[in-house]
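Undergrad: Whatever this is, show me its structure:
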Amino acid sequence: QVQLVESGGGSVQAGGSLRLSCAASGSFSNIYAMGWYRQAPGKQRELVADITTGGSTEYADSVKGRFTISRDNAKNTVHLQMNSLKPEDTATYYCNAEAGWVPHLYEYWGQGTQVTVSS
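TA: Residues are numbered from 1 along each chain as shown. Sure thing, here's the model as predicted:
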């Protein structure tokens, strides 16, 4: 089992920055990938960015060049630095972790943290 605790959400004006953090705890042998998803009202949850243990990253096209994901494997934490925020970035952001060893991975979710960007 993996517990994910997020922090760092809030409200900011367009053009501003926020940094989200997520810490994983519990009983697990390996967390293969950690990442962030977001869900706006009336929309499906979508991948924002993720990063593997080896440092491979993936970003949604809409955030490339503005958001940066980083990870501390020793501390089992993942961070999302969000710059040049836009109103369309407003959503609930969820931390995600895939624990185990490929191909036997189990998915876990945080409780979500709200990000609101005003114009």
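Undergrad: quick one: contacts for residue 67?
TA: When the contact criterion is Cβ atoms under 8 Å, 6 or more residues apart in numbering, the partners of residue 67 are 48-49, 59, 80-83. The C-beta positions use only the backbone N, C-alpha and C, and glycine is treated the same way.
Undergrad: and it, what are its bridge partners?
TA: According to DSSP bridges, the partner residues bridging residue 67 are residue 82.
Undergrad: pretty sure residue 87 is touching residue 119, no?
TA: Yes - in this structure, residue 87 is within contact of residue 119 by Cβ atoms under 8 Å, at 4.9 Å.
Undergrad: would CSV of the contacts of residue 67 with neighbour count, distance to residue 30 and pLDDT be doable?
TA: As requested, the contacts of residue 67 are arranged in CSV below (neighbours: other Cβ atoms under 10 Å; distance: Cβ to Cβ, whole Å; pLDDT from 0 to 100):
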residue, neighbour count, distance to residue 30, pLDDT
48, 24, 23, 98
49, 23, 20, 98
59, 18, 23, 98
80, 25, 21, 98
81, 16, 25, 98
82, 25, 27, 98
83, 14, 31, 98
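Undergrad: between those, which is nearest residue 110?
TA: Within the contacts of residue 67, proximity to residue 110 (Cβ to Cβ) peaks at residue 80, which comes in at 11.9 Å.
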